[in-house]
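Enquirer: this one's sequence-less:
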């Protein structure tokens, strides 16, 4: 679509072991982006040479799609940060590589970003207009975790963990050099540090999401819960005890 808006949108797509689906998912994302009024770039960050994901992405014929890869799996948070550091956009988003989150939600997030003059817009499972399909047990765990977040970090949002967010570049310039979490709670660290550094215009927007839990086992779920709680405690300690994030980078 022809564009009269000068703001470049960068969309980071962290990917791990998705050789069979990544091409289809990126094409779906690009078809969505072609309909919006922003010029765009897509940066796919392959989180380690685990399979043929990088080779699959390199076969995509589009001047707007770039692929980055590194040797060893580091975690989704690390992949997002690498992509954001390479992004050229004024608005920098990330979206999960799978088909769980509808990429059409990017249009709604962009509208909210400009309407609210926001620093950050986050896709939220708990927005009243969101359409979300996931099991009751997951809802209970998620609700409990968000209550902890509100108490510990005073974030005035109802969902920190959905894999669709947009940041203004000025926010990332300040927070990226300070971030440490590579895996489970990187979303929380980004939001908590942004708010701590004075970027308080953080708002939620609706999304469409359908969880695919086919690959999750009880053991992997418990492992994820354990590590996200450890990461959360570490962020609190660095933020309020060590004052680590106050140090100039």
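Expert: Received, thanks. It should be emphasised that the depicted structure is a prediction, and the values quoted were computed from it without experimental measurement.
Enquirer: Which elements pack onto the helix or strand of the chain with the lowest mean pLDDT?
Expert: The helix or strand of the chain with the poorest confidence is helix 218-236; it has a mean of 87 (mean pLDDT, DSSP states H and E). Applying 3 or more Cβ pairs under 8 Å, 6 or more residues apart in numbering; DSSP states H and E, one finds that helix 218-236 makes contact with helix 136-153, helix 186-196. (C-beta placed from N, C-alpha, C; glycine too.)
Enquirer: Point out where the chain drops to low pLDDT.
Expert: Counting by pLDDT under 70, the ranges of the chain that qualify are 1-5, 213-219, 249.
Enquirer: all helices for it, in order.
Expert: For the chain, the helices defined by DSSP state H cover 22-33, 53-58, 76-86, 105-115, 136-153, 169-175, 186-196, 218-236.
Enquirer: For residue 39, find the nearest of those helices.
Expert: Closest of those to residue 39 is helix 22-33, at 9.3 Å (criterion: Cβ to Cβ).
Enquirer: between that closest one and helix 105-115, how many degrees?
Expert: Going by axes from the mean of the first three to the mean of the last three Cα atoms, to 10 degrees, helix 22-33 is angled at 40 degrees with respect to helix 105-115.
Enquirer: returning to that earlier point: can you put the helices of the chain in TSV and add mean neighbour count and distance to residue 41?
Expert: Formatted as TSV, the helices of the chain follow (neighbours: other Cβ atoms under 10 Å; distance: least, Cβ to Cβ, whole Å):
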stretch	mean neighbour count	distance to residue 41
helix 22-33	18	9
helix 53-58	20	14
helix 76-86	22	10
helix 105-115	19	13
helix 136-153	14	31
helix 169-175	17	13
helix 186-196	23	20
helix 218-236	14	29
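Enquirer: any chance of those helices in JSON lines, with distance to residue 13 too?
Expert: JSON lines is the format used below for the helices of the chain (distance: least, Cβ to Cβ, whole Å):
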{"stretch": "helix 22-33", "distance to residue 13": "7"}
{"stretch": "helix 53-58", "distance to residue 13": "9"}
{"stretch": "helix 76-86", "distance to residue 13": "8"}
{"stretch": "helix 105-115", "distance to residue 13": "12"}
{"stretch": "helix 136-153", "distance to residue 13": "23"}
{"stretch": "helix 169-175", "distance to residue 13": "16"}
{"stretch": "helix 186-196", "distance to residue 13": "15"}
{"stretch": "helix 218-236", "distance to residue 13": "21"}
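Enquirer: Name all residues that make contact with residue 124.
Expert: The contact partners of residue 124, taken as Cβ atoms under 8 Å, 6 or more residues apart in numbering, are 130, 157, 158, 159, 162, 204, 205, 206, 207.
Enquirer: Out of the helices of the chain, which gets nearest to residue 97?
Expert: Of the helices of the chain, the one closest to residue 97 (Cβ to Cβ) turns out to be helix 22-33, at 5.9 Å.
Enquirer: by contact count, what packs against the closest one?
Expert: strand 9-15, strand 40-46, helix 53-58, helix 105-115.
Enquirer: hmm, 10 Å instead?
Expert: strand 9-15, strand 40-46, helix 53-58, strand 65-69, strand 91-95, helix 105-115 (3 or more Cβ pairs under 10 Å, 6 or more residues apart in numbering; DSSP states H and E).
Enquirer: Residue 90 contacts residue 168, correct?
Expert: Yes - if you go by Cβ atoms under 10 Å, residue 90 and residue 168 touch, sitting 7.1 Å apart.
Enquirer: Next, work out how far apart residue 148 and residue 177 are.
Expert: 27 Å (Cβ to Cβ, to the nearest Å).
Enquirer: which one is residue 8 nearest to, not counting chain neighbours?
Expert: Distances taken as Cβ to Cβ, 6 or more residues apart in numbering put residue 89 closest to residue 8, at 4.2 Å, once the chain neighbours are dropped.
Enquirer: Spit out the contact partners of the one you found.
Expert: 7-12, 38-41, 43, 166-169, 172 (Cβ atoms under 10 Å, 6 or more residues apart in numbering).
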